[in-house]
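Trainee: what shape does this take:
(one chain, ligands or ions: 1)
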Amino acid sequence: MRGLLTLRDLSTPEIMDIIELAIRFKKGWTVNFPGKKMVNLFYENSTRTQYSFQIAMINLGITPLSVNLATSSVQKGETLYDTVRTFESLGVDGVVIRHTQDEYYRELEGIKVPIFNGGDGKSDYPTQTLLDLMTIYEEFGRFEGLKIALVGDIAHSRVAHGNAEVMRRLGMKVYCSGPEEFADKDTAEYIDIETAVKTCDIINLLRVQFERHQEAMKMTKEEYHQNYGMTSERVAQMKNRAIIMHPAPINRGIEIASEVAECEKSRIYRQSENGVYVRMAVITLALQGKL
Ligand code: CP
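Mentor: Sure thing, here's the model as predicted:
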């Protein structure tokens with residue numbers, strides 16, 4: 001299948017090519033695809049992914065179509081395959097999909113237009129990983145030897161699952177931290193939060209994914225913040241050049257104190273900005289037949 005479903009399909013040089021192209025776009029390089037049309041299909045809510053893909057399309061001269069699934073024939077029971085196949089027959093040149101189901105794209109065998117995975121269940125989220133990598137590369141100019149702690153709701157996080165594998169492949173030391181109830185021992189080695197903030201180059205906070213929990217969180221939101229949240233006190237413990245990242249949306253007062261969200265170490269809005277350039281890069285490569 002064409003497009004970008006998971007970074008596990010790409011080699012390290014291919015990942016670096018996407019990051020380098022995204023950086024070129026950020027520096028002002030442009031390319032145009034007049035007459036092309038792409039569609040966004042979001043079966044889960046989204047602000048950043050949905051609209052940064054849309055802005056990326058507009059920047060590339062592509063006409064974006066955003067489908068309101070609540071008023072579409074999905075409500076009559078139309079399957080994902082039939083919905084995508086319909087847009088393909090209508091003449092779109094690419095489809096962005098976010099879906100609740102892990103690896104939903106396995107149902108799309110036979111679809112010929114490029115598919116861009118905007119997040120599949122708890123499994124993967126390749127453009128988020130790419131924009132995280134671009135943000136780290138801009139900051140440090142390398143990946144090799146950097147230490148990152150993924151902090152929080154690891155078990156329900158497609159960001160954690162996607163980032164850990166690729167970051168390790170790029171030579172980073174990846175740790176997980178946070179409450180036992182959200183731990184996922186297969187993702188990375190555990191580190192306690194106080195050691196993580198003192199020793200890591202990047203603290204990658206993760207949103208508590210309340211909408212995916214089968215049972216209520218065992219602690220209160222205040223207890224989570226006190227025990228695992230990024231407070232001003234923890235920021236003061238970080239290394240000089242260390243940075244804070246979060247895929248957002250952020251739960252202020254839970255994963256992160258409100259006053260820390262835009263502190264000098266925070267790169268949260270830089271990540272959102274870089275999302276546009278990374279999505280321009282993957283769309284460009286796909287429309288050039290390279291993805
Ligand atoms: N980071 C992210 O996926 O944000 P949205 O859910 O708003 O797209």
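Trainee: run a quick neighbour tally on the residue of the stretch 101-250 of the chain found nearest the ligand.
Mentor: Residue nearest to the ligand within the stretch 101-250 of the chain: Pro247 (3.9 Å; CB to the nearest ligand atom). In this view, the C-beta of every residue, glycine as well, is placed from N, C-alpha and C. The tally of other residues near Pro247 (other CB atoms under 10 Å) stands at 26.
Trainee: against Asp93, how distant is the closest residue in space to it that isn't next to it in sequence?
Mentor: Spatially, and ignoring its direct neighbours in sequence, Pro247 is nearest to Val159 (4.9 Å; CB to CB, 6 or more residues apart in numbering). Distance of Val159 to Asp93, computed by CB to CB, to the nearest Å: 28 Å.
Trainee: ok, those two, which is more surrounded?
Mentor: Val159 (26 against 19).
Trainee: which secondary structure element contains the more buried one?
Mentor: Using DSSP states H and E, Val159 maps to helix 158-169.
Trainee: now Asp184: how far from Ile136?
Mentor: Asp184 is 22 Å from Ile136, by CB to CB.
Trainee: can you check Phe182 too?
Mentor: 23 Å.
Trainee: again with Thr220
Mentor: Counting by CB to CB - Thr220 and Ile136 are separated by 33 Å.
Trainee: so which of those two has more stuff around it?
Mentor: Neighbours were tallied for Thr220 and for Ile136 using other CB under 10 Å; the higher tally belongs to Ile136 (25 against 10).
Trainee: up against the ligand, what does the stretch 1-150 of the chain have?
Mentor: With CB under 6 Å from any ligand atom as the criterion, the stretch 1-150 of the chain meets the ligand at residues 46-49, 128.
Trainee: emit the PyMOL select command for whichever of those residues are buried.
Mentor: Selection of buried members from those for PyMOL, criterion 16 or more other CB atoms under 10 Å:
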select buried, resi 46+48+49+128
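Trainee: with that, I have no additional questions.
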